[in-house]
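>>> Just to be clear, the model below is a prediction. Sequence and coordinates:
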Amino acid sequence: MAGEPQDDCLFCKIVAGQIPATIIRETETTVAFRDINPQAPTHVLVIPKVHYANAADLAAAEPEIAADLLRESRAVADGDGLESYRIVFNTGTGAGQTVFHAHAHILGGRGLQWPPG
Ligand code: 5GP
Ligand code: ZN
């Protein structure tokens, strides 16, 4: 069923507490944890507890939870004292998506180039 945990999904395992992560925030619908391979002084992933392959699928099926991701992204940035930050949703392998459970990257704490690579 849409949104159900997937046995082979790394982020579903983090939600279930089966794989450790540096969790910095949790709500009824989301978890935020530090990326294992940070690309900036702040690099946090905000994920929905429900499983969807990417952010667009999440928004189509459960728009309120997609909005929760954005609310939580700001809370993460505020928590790390960031005035400026970038929210990234890599979607598809060609864009660098490697984990097919929707997630927002929150990047900040250094200058961020535009356009991104
Ligand atoms: P994507 O490439 O799919 O947009 O982002 C996946 C992110 O998950 C990558 O930035 C990668 O470093 C991170 N990641 C992969 N495995 C783990 C893990 O086991 N723990 C944590 N905290 N992050 C992970
Ligand atoms: Zn998942």
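Structure's in. What do you need? Ligands and ions are numbered 1, 2, ... in the order given.

>>> what mean pLDDT does the top helix by length along the chain have?
Identified as the longest helix of the chain according to DSSP state H is helix 63-79. Mean per-residue pLDDT for helix 63-79: 98.

>>> which parts of that helix are buried?
For helix 63-79, burial by neighbour count (16 or more other C-beta atoms under 10 Å) applies to 65-66, 68-69, 72-73, 75-77. Yep, even glycine has a C-beta here, placed from its N, CA and C like the rest.

>>> could I get those as JSON lines with distance to residue 39?
Shown next, in JSON lines, are the buried residues of helix 63-79 (distance: C-beta to C-beta, whole Å):
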{"residue": "65", "distance to residue 39": "25"}
{"residue": "66", "distance to residue 39": "23"}
{"residue": "68", "distance to residue 39": "24"}
{"residue": "69", "distance to residue 39": "19"}
{"residue": "72", "distance to residue 39": "19"}
{"residue": "73", "distance to residue 39": "16"}
{"residue": "75", "distance to residue 39": "20"}
{"residue": "76", "distance to residue 39": "15"}
{"residue": "77", "distance to residue 39": "15"}
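
>>> Ligand 1 contacts on this structure?
10, 19, 21, 33, 35-37, 45, 90, 96-99 (C-beta under 6 Å from any ligand atom).
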